[in-house]
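S.K.: Provide a 3D model corresponding to the input given below.
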Amino acid sequence: MEKKLSRRKIISGFGLTGLGLLASNAQAGLTQSATLLKEGESIQFYSSLTELKSSSSLKAGNVVQTGGYYQSGDGGQGTYLIRTAAADLSADGGSVITLQKGLIAELINISVVNYKLFGAVGDKKNDDGVQIKAAHNYANTRRIPVINLSGEYWFRETTAIIIKTNVDWGQSVFHFDEKFNGKEPRFKVLSDVAPYPIELNESARRSLISQLKPGAQVIPELAPYKNCLVIVADSNDMIGLRNQSTGISKGWAREELFYVEEHGRIVGEMAWTFKDYTSLMAYPASDSYLNITGGTFYLSGDNEGNYLENGIRIERSRTLLSNQWVGLEPGKQDVAKIQRSGFYSLKMVYDLVVENIRLIPWEKDRPGVPMVPQGTYGISGNRWMNVTFRNITAEGSPVHWGVFGTNLTKNFRIENCMLNRVDVHFHCWNLYIKDSKVGQRGLTLTGGGDLFVENTLVNTNAFISFRADYGAKWDGDIRIKNCRLVPRTGATQVSVLQFVTADFDFKYPIGYGRTLSVQDMVVDFIGQEQSKAVCWLMKTSEWVNNADKVKLFFPQQMDISNVSVRGRKQGLRLFQLYDCSKYYMQKEGSYDGVRMESNSRILVRNVDLEKLNAIPLSAAKDNVHFYINDSSGSKRPDALYPDIRFEGCRNLDIYAGRGTANLRFDNCSISRIVKDAAPFTGRFGFMNTEFVPEVDETLKRIYDLDAELGVSFSDCTVYMPEKAGDRMPEWLTKIGFIQINKQVRFNHSNTRLGNDIIQYCKSKSIKINPEFVGMLKGHHELEPENI
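M.R.: Numbering: from 1, shown residues only. As a prediction, the model looks like this:
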């Protein structure tokens, strides 16, 4: 029923903003007297928009107020100016309402928008997405926020709802029918300015190409494109071929993304050197931050199309997304037979924060039914830079695929998250993970730059598995600190770092980091005390067939300290250098038979090692703690020449083949050192080290130490040979560098015999020769070794 309100109440209800909006309508062809109420005039009140539509007493210039959309109090109340219908004002069910007698009601006095104002029903039948899209279109045009703090809304076919203003969904609940998933997401967060190609004259183009390389800091030719994310690609230069079971991919165009600041200052390290480019695009970053917060999203679980989208795609830089919950409808299950794109999808954006969100990974490997054919994701995206994920929870069972699936990211941060997987298919540059937990799908990565992981737990069989299909590469600095690996139950092999890859031409260099540090790491087998899984600190592959095509690099500095095993007695094995001649180092080294110039320094300190039983030399490759070899008689200067120091490591079992290296041992215990017949091309040094010989009946010597640059012992102790815990005194003659009362080989200072040997000699009435004792106390390799 129509009611009238006094001018004083009208002014109080409108406020200054509302009166200004009324006055502004004069510019649309209305007189001032028709738009601004005078003393004695009244505003008409209707209980709902439905009642307003049925009114026949309205006339142009009336101002009306409603108590709701469908009925009073339903949240859709608004204030309207009655106007004559015009071609430039199309009815949208919210901001413009068609009335009787050729009139329309135009929404006025609006500073925020809600969905009820545009007729969203929330009855489980209506596609509320239609009204929600209209609400956002209006908000985008007026540049006002959408604040819809409550209500439940059901989506069917509606997609591509564009968001350009702040949104607060509060405790609103959205129900998405996934049978209608499409190539467009439900919501698209867009910038006001569309991307565009950068066009340069030939001279500027050539200058730009010469500067597209690592180390670039300022590119003057790009100064006009400040506040833009720039993406450059050369589709004529394909790299990163993917070796997978379904075939070999054509690879990726050489591509780089970076942000341009004042005067062409480049933000974001460049990884690649360009010879040309085929695409150069600018993606303008907004000059304000857009906030999207709140909301609960229920999904029906029955996606029916290949990599369709079902959530929110962000294509606007400087967006802050927070405080959301995503899951299946109560009583529903994930029954999709085909893979999804991410509920959250990020594309071509700079400077984003996504935080305080719960979502689910999707099921893939369901028992008893056909698996979803390919990876299916909860968070996907490509070509993003400076993006932080904070306090995200997305865990699942072994049935669920990894929640993340990304390509081409830069400055990617994960903080205080609980995720079942973090995955980079192709090329992440700079990844930082802190204070997080990663579940059974693990960290599967490839790329370069900084890889810093701190105070993080991973519950799978490799703390980091570098993706084999892209060459298992990380071309940068790896830092792992204060982390924990909890292997899955039933594992047969475990690795802290897994660099296993196929011998394949990936069309770019691959390798194990330029520097590598693992500090204060725990491999935790608690609850799996009987596990016999072989655990490697770093597992690598042999590299033979493509060594001349793909350059394999090794860290120039490597520091492994304080790695412990809990929950079982069996410790770790270290790593294998299958062929030092196959590596390509950034610095040159050399070996000339007189001295070795190192180009890689490796420190292994305080690592809990597995107690190995002696095995035949032919099987040593995979059954020692450390393996080093070299297939080439003469090596390139940029091959690997490592200086390796072991400190505080017990029960070391080493194969030192033809590799060229300096090997130093301090405060260690050593069970065996074996090699082929030729002298080792390098040096052995032992300080404060215990020799606890493990008998291998196939060997002539337990410690085969002949080395071209010499062998030195300082304050070391030699114990009785053992086999499976039993003492084997008959092997005292095969230790390799001493024979009681007969021989002392190499350089010695204060070498002593263990009490077990001394007691044995006493029991057998063997008197230790003073000359032999003197040689243990001090002996030089140039002196006679036999007594």
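
S.K.: ok, now which ones touch Thr409?
M.R.: Going by C-beta atoms under 8 Å, 6 or more residues apart in numbering, Thr409 touches Gly381, Asn382, Arg383, Trp384, Met385, Val387, Val424, His427, Cys428, Trp429, Leu431, Gly447. Backbone N, C-alpha and C define where each C-beta goes, glycine included.

S.K.: and if we set it to 6 Å?
M.R.: Thr409 makes contact with Trp384, Cys428, according to C-beta atoms under 6 Å, 6 or more residues apart in numbering.

S.K.: just Asn651 next, same as before
M.R.: So, once contact is read as C-beta under 6 Å, 6+ apart, Asn651 ends up touching Leu609, Lys611, Ser669, Ser671.

S.K.: helix, strand or coil: sort out the spatially most central residue of the chain for me.
M.R.: Of all residues in the chain, the one closest to the mean position by C-alpha atoms, centre = their mean is Val422, 4.9 Å from it. At Val422, secondary structure determined by DSSP: H, G, I helix; E, B strand; the rest coil is strand.

S.K.: any buried residues in stretch 444-451, and which?
M.R.: Of the residues in stretch 444-451, those buried by neighbour count under the rule 16 or more other C-beta atoms under 10 Å are Thr444, Leu445, Thr446, Gly447, Gly448, Gly449, Leu451.

S.K.: so for that stretch, mean pLDDT?
M.R.: Across stretch 444-451, pLDDT averages out at 96.

S.K.: quick one: contacts of that stretch?
M.R.: 271, 423-424, 427-431, 465-467, 470, 473-478.

S.K.: cool, stretch 609-619 as well?
M.R.: 570-573, 623, 625, 649-651, 653, 674, 694, 696, 698.

S.K.: now do stretch 234-248
M.R.: Contacts of stretch 234-248 from elsewhere in the structure, counted by C-beta under 6 Å, 6+ apart, are 249, 251-254, 274, 276-278, 426, 469-470, 502, 504, 506-508.

S.K.: quick check on those residues: which are buried?
M.R.: When burial is judged by neighbour count using 16+ other C-beta under 10 Å, the buried members of the contacts of stretch 234-248 are 251-254, 274, 277, 426, 469-470, 504, 506-508.

S.K.: where does this structure have low pLDDT?
M.R.: In the predicted model of the chain, residues 1-41, 245-248, 633-634 satisfy pLDDT under 70.

S.K.: mind running it again at 80?
M.R.: Across the chain, residues meeting the criterion (pLDDT under 80) sit at 1-41, 244-250, 305, 368-370, 547, 614-620, 632-635, 676-677.

S.K.: which residues in it form helices?
M.R.: Listed in chain order, the helices found in the chain under DSSP state H are 7-24, 32-35, 49-54, 129-142, 202-211, 755-763, 770-777.

S.K.: how far does the fifth one sit from its chain's centre?
M.R.: Okay, so that is helix 202-211. With C-alpha atoms, centre = their mean, to the nearest Å as the basis, the distance from the averaged C-alpha position of helix 202-211 to the chain average is 33 Å.

S.K.: export that helix as CSV, just CAs?
M.R.: These are the backbone C-alpha positions of helix 202-211, laid out as CSV (Å, rounded to 0.1, in the frame of the first residue of the first chain):
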residue,chain,number,x,y,z
GLU,A,202,63.3,-1.6,-35.2
SER,A,203,66.0,0.2,-33.3
ALA,A,204,64.2,0.0,-30.0
ARG,A,205,63.3,-3.6,-30.6
ARG,A,206,67.0,-4.6,-31.2
SER,A,207,68.1,-2.7,-28.1
LEU,A,208,65.4,-4.4,-26.0
ILE,A,209,66.4,-7.9,-27.2
SER,A,210,70.0,-7.2,-26.3
GLN,A,211,68.9,-6.5,-22.7
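
S.K.: now it: buried residues?
M.R.: Buried residues in helix 202-211, counted by 16+ other C-beta under 10 Å: Arg205, Leu208, Ile209, Gln211.
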